[in-house]
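Student: Based on what follows, work out the 3D shape:
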Amino acid sequence: MGADFIEKATPTFKKSWDRARTALATADLFTNAPSCAARTAAAEVIGKAQLKVGDRLTVEVQDGALVARRGNSVVARFTNPAPALVQAVEQSCGVAKGTVEQVHELAGVAEISLC
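Tutor: Got it, this is the predicted structure:
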């Protein structure tokens, strides 16, 4: 009786394992997925550069300060970045990705998040 039960129940155990694996791989409201912890800092827009929310920029260390570039031209300079932020960019070979989060046109300042 015991051996017959194990042989009959084996396929259902395998199905339940497959369902559990699928449930683990499916995202839901309570799933903790790793994400990028972005740091945001204010940057002064240089010249007549036009920045929009969502623009992708390259942030580099230049003379001990951080600058944001679009292509080869500098479009923003970080006014007072946290030392930890500068150090993080320096440790990533001096370059990081930046995304414009907000633009304050009257002040000539953009908030750029680094990831």
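
Student: Look up phi and psi at the residue lying closest to residue 80 once chain neighbours are set aside.
Tutor: Of all residues not flanking residue 80 in the chain, residue 42 sits nearest, at 7.5 Å (C-beta to C-beta, 6 or more residues apart in numbering). Glycine gets a C-beta too; all of them are placed from N, C-alpha and C. Phi and psi for residue 42, reported as degrees, to the nearest 10, are phi -80, psi 140.

Student: What is the three-state secondary structure of residue 110?
Tutor: strand (DSSP: H, G, I helix; E, B strand; the rest coil).

Student: Could you check how many residues crowd around it?
Tutor: Using other C-beta atoms under 10 Å, residue 110 is surrounded by 27 other residues.

Student: got it, and residue 4?
Tutor: When neighbours are counted by other C-beta under 10 Å, residue 4 registers 8.

Student: Give me the pLDDT value at it.
Tutor: Looking at residue 4, its pLDDT stands at 72.

Student: Would you agree it falls within a helix?
Tutor: Yes: counting by three-state DSSP, residue 4 falls inside a helix.

Student: Any idea what residue 73 is bridged to?
Tutor: Judged by DSSP bridges, the bridge partners of residue 73 are residue 70.

Student: That one and residue 51: what is the separation?
Tutor: According to C-beta to C-beta, to the nearest Å, residue 73 stands 12 Å off from residue 51.

Student: For the two, indicate the residue with more neighbours.
Tutor: residue 51 (20 against 9).

Student: The more buried one in helix, strand or coil?
Tutor: Look at residue 51: counting by three-state DSSP, its state is coil.

Student: related to what we said a few turns ago, ok, the residue nearest to residue 80 - contacts?
Tutor: 78-80, 109-112 (C-beta atoms under 8 Å, 6 or more residues apart in numbering).
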